[in-house]
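Undergrad: the sequence and its predicted three-dimensional model are supplied below.
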Amino acid sequence: MGLFSRLGNLWKGFLSIWISDIEVEHPEIAYENAINSMIGKYAKLKSATAAIIRRREELDDRFKKANADLAQTEAELNTAVETNQDDLAVVLIQKKNQITADLADLQTDMQTAHSDADSAKTSLLSVQTEIKKLQAERETMLAKMQSAQARINIQEQLDGLSVDDEVRALDNVRTHIKNTIAEANLGKELSDSSLDSRLAGLRGQVGDVQAKQELAAMKARKAAAQQQGQKTM
């Protein structure tokens, strides 16, 4: 194999792969090409079938004409025999034999033509059915493909939807809230344990103690007054 032939084959290989890749990415193209190819095959087969049917009809016509010629020849032969026209009778016998032989051949050819026509029509109907099936399959498969692509797109969007930033931001907010609460609690704890706070608390206690002492003194004075009044009586 020459260099140019090898390069040609290599180019055809690359081209075939490239076309295959395109058809995979765009299945509607592959289906359209297949359907168009089947339609082209159907057109050629239809033309061939028409030729076969035309030949069958021609053979049918020739067979009918031969039968008519045979009937006419037999009638003429009978007349020649009855009228003692032996020379004509011999010719007519030869013609009758030839027509009979032709009829036998026509019978065989006609049977073959009928069989070929039936086979061609069956093939034509088969191709027609395949085209319809392929067209229906195209609609179904493309619809399934579109549905699958939609699901894949949704899944990719869900997979590509990152919530890490949002989660981290929420975690930061939570941490900040907790830190603020802890800081507030710490301020209160420090305030409660500070010297000023303790002194303020002590002042409050002093007031309570003094009030209680004053109350006790008042009660004592009242009791003493009551006892003094009882003695004077």
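TA: Nice, I can see it. Keep in mind that what you see is a predicted model, and the values were worked out from it rather than measured.
Undergrad: and the pLDDT for Val163?
TA: Val163 is assigned 54 on the pLDDT scale.
Undergrad: and for Ile154?
TA: 84.
Undergrad: same thing with Ile131?
TA: So Ile131 comes in at 91 (pLDDT).
Undergrad: was I right about it contacting Met38?
TA: Yes - between Ile131 and Met38 a contact is recorded at 4.8 Å, counting by Cβ atoms under 8 Å. Bear in mind the C-beta positions are built from the backbone N, C-alpha and C, glycine included.
Undergrad: the helices in the chain, which residues?
TA: 3-25, 27-82, 86-160, 164-193, 195-232 (DSSP state H).
Undergrad: how about those helices in JSON lines, adding mean neighbour count?
TA: Listed next are those as JSON lines, based on neighbours: other Cβ atoms under 10 Å:
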{"stretch": "helix 3-25", "mean neighbour count": "10"}
{"stretch": "helix 27-82", "mean neighbour count": "14"}
{"stretch": "helix 86-160", "mean neighbour count": "13"}
{"stretch": "helix 164-193", "mean neighbour count": "10"}
{"stretch": "helix 195-232", "mean neighbour count": "10"}
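Undergrad: what's the least confident stretch among those helices?
TA: Among these, helix 3-25 carries the lowest mean pLDDT (a mean of 48).
Undergrad: can you pull up the most central residue in this structure?
TA: Lys144 (1.5 Å; Cα atoms, centre = their mean).
Undergrad: so how far is Leu134 from that one?
TA: Computed as Cβ to Cβ, to the nearest Å, the Lys144 to Leu134 distance reads 15 Å.
Undergrad: do the same with Asn97
TA: Relative to Leu134, and taking Cβ to Cβ, Asn97 is found at 55 Å.
Undergrad: same check on Gln107?
TA: 41 Å.
Undergrad: ok, Asn78 next?
TA: With Cβ to Cβ as the criterion, Asn78 and Leu134 are 63 Å apart.
Undergrad: likewise Ala48?
TA: Distance from Ala48 to Leu134, by Cβ to Cβ: 21 Å.
Undergrad: quick one, what contacts the closest residue to Asp102 other than its chain neighbours?
TA: Once flanking residues are discounted, Asp102 sits nearest to Ala66: 5.6 Å by Cβ to Cβ, 6 or more residues apart in numbering. Counting by Cβ atoms under 8 Å, 6 or more residues apart in numbering, Ala66 makes contact with Ile99, Asp102, Leu103, Leu106.
Undergrad: what sits against the last one?
TA: It stands for Leu106. For Leu106, the contacting residues are Leu59, Arg62, Phe63, Ala66, by Cβ under 8 Å, 6+ apart.
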